[in-house]
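**Student:** this one's structure only:
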């Protein structure tokens, strides 16, 4: 019984740290330092994306687009630097 409780505790700790790491991808940038949504849209267009939608998720800009190959993509952009910090399917 103790080993089951220990295993569950370890699993929950791992999940919590993964969730925390996900929210830290873009840091805690104050809104007044963020690039505009239009600037992120232009950055994505420069990467060959046909941008469909942009939203804010966990302190990042989340861009939904179609890439040059015609595939749907979701990319996370740092709101201060405009750097891509994640893609759909990244863990």
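**Tutor:** Perfect, thanks for sending it. As the structure is a prediction and not an experimental result, all values here were calculated from the model.
**Student:** low pLDDT regions in this protein?
**Tutor:** 1-23, 89-91 (pLDDT under 70).
**Student:** now the residue positioned nearest the centre of it. Its backbone dihedrals?
**Tutor:** When Cα atoms, centre = their mean is applied to the chain, the residue found nearest the centroid is residue 76 (3.6 Å). Residue 76 has phi and psi values of phi -100, psi 130 when expressed as degrees, to the nearest 10.
**Student:** show me what contacts it?
**Tutor:** By Cβ atoms under 8 Å, 6 or more residues apart in numbering, residue 76 lies in contact with 25-26, 57, 60-63, 84-87. (Each C-beta comes from the backbone N, C-alpha and C, glycine too.)
**Student:** which of the residues you listed are buried, as a PyMOL select command?
**Tutor:** One line in PyMOL is enough to select the buried ones among these; burial here means 16 or more other Cβ atoms under 10 Å:
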select buried, resi 25+26+60+61+62+63+85+86
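**Student:** filter the contacts of residue 76 down to the ones in strands?
**Tutor:** Among these, DSSP state E puts 57, 60-63, 84-87 in strands.
**Student:** which parts of stretch 41-57 are buried?
**Tutor:** 41, 43-44, 47, 49, 51, 54.
**Student:** first-to-last residue distance for it?
**Tutor:** 15 Å (Cα to Cα, to the nearest Å).
**Student:** many thanks, I have nothing further to ask.
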